[in-house]
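S.K.: Could you work out the structure for the sequence below:
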Amino acid sequence: MKNLSKLIREIPDFPKKGILFRDITPLLSDGKAFREVIEIFKNQCPEGIEKVVAVESRGFIFGSCLAYSLGVGFVPVRKAGKLPYKTLRVEYDLEYGKDVLEMHEDGISKGEKVVVVDDLLATGGTALACCQLVEKCGGKVEKILFLIELAELKGIEKLKGYDVFSILKL
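M.R.: Okay, the predicted model is just below:
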């Protein structure tokens, strides 16, 4: 896993001054490392998972590959107005305001066991909103998986009660 952290590029002041952006594209371009991430995620999944849910856009990269690897369905969660069918929505707090996430209302069936995947855990608001969407559909979040957890932002605290795993803690 030490090698994986070397593939995360840090870009200061992106997208705005004071932000240290974690760029995962070097990891994605390394086929062996990318495969290792998907295998680690797959090994973290509890038995009986029926769907993988992921948030746009970088979460889609890992979530769709994981769903394929597990042989289960993939359900995208997107920002408001991006999905074409009837949606459920959750409003959540950002550091600088509010945002909305949506998921198709038929994306998860009642009782389905779900894994939520995203590339990065920062403040936890996006992941929590994603879990709330799954639960609104009647699904059960069995595990939440992240490539990177920014531990100093304490996003894990918003996810109390959920089983959370992060490959890298930076």
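S.K.: What is the least confident helix or strand in this structure?
M.R.: helix 2-6 (a mean of 88; mean pLDDT, DSSP states H and E).
S.K.: List the buried residues of that helix.
M.R.: residue 4 (16 or more other Cβ atoms under 10 Å). All C-beta spots, glycine's among them, are computed from the backbone N, C-alpha and C.
S.K.: packing partners for it?
M.R.: helix 31-44, strand 164-169 (3 or more Cβ pairs under 8 Å, 6 or more residues apart in numbering; DSSP states H and E).
S.K.: again, only using 10 Å
M.R.: helix 25-28, helix 31-44, strand 140-149, strand 164-169 (3 or more Cβ pairs under 10 Å, 6 or more residues apart in numbering; DSSP states H and E).
S.K.: tilt between the second one and strand 140-149?
M.R.: This points to helix 31-44. Here the directions of helix 31-44 and strand 140-149 differ by 150 degrees (axes from the mean of the first three to the mean of the last three Cα atoms, to 10 degrees).
S.K.: Deepest in the core, which of the helices and strands packed on helix 2-6 is it.
M.R.: strand 140-149 (a mean of 22; mean count of other Cβ atoms under 10 Å).
S.K.: got the CA positions of it in CSV?
M.R.: C-alpha atoms of strand 140-149 as CSV (Å, rounded to 0.1, in the frame of the first residue of the first chain):
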residue,chain,number,x,y,z
LYS,A,140,-28.9,-1.6,3.5
VAL,A,141,-25.4,-0.1,3.4
GLU,A,142,-23.2,-3.0,4.3
LYS,A,143,-19.8,-1.2,3.7
ILE,A,144,-18.4,2.2,2.6
LEU,A,145,-15.1,2.0,0.7
PHE,A,146,-12.7,4.9,0.0
LEU,A,147,-9.3,5.0,-1.8
ILE,A,148,-8.2,7.9,0.4
GLU,A,149,-9.3,9.2,3.8
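S.K.: Compute the inter-axis angle for it and strand 164-169.
M.R.: 10 degrees.
S.K.: Give me the most central residue, the chain.
M.R.: residue 118 (1.7 Å; Cα atoms, centre = their mean).
S.K.: Need the pLDDT of it.
M.R.: For residue 118, the model assigns a pLDDT of 98.
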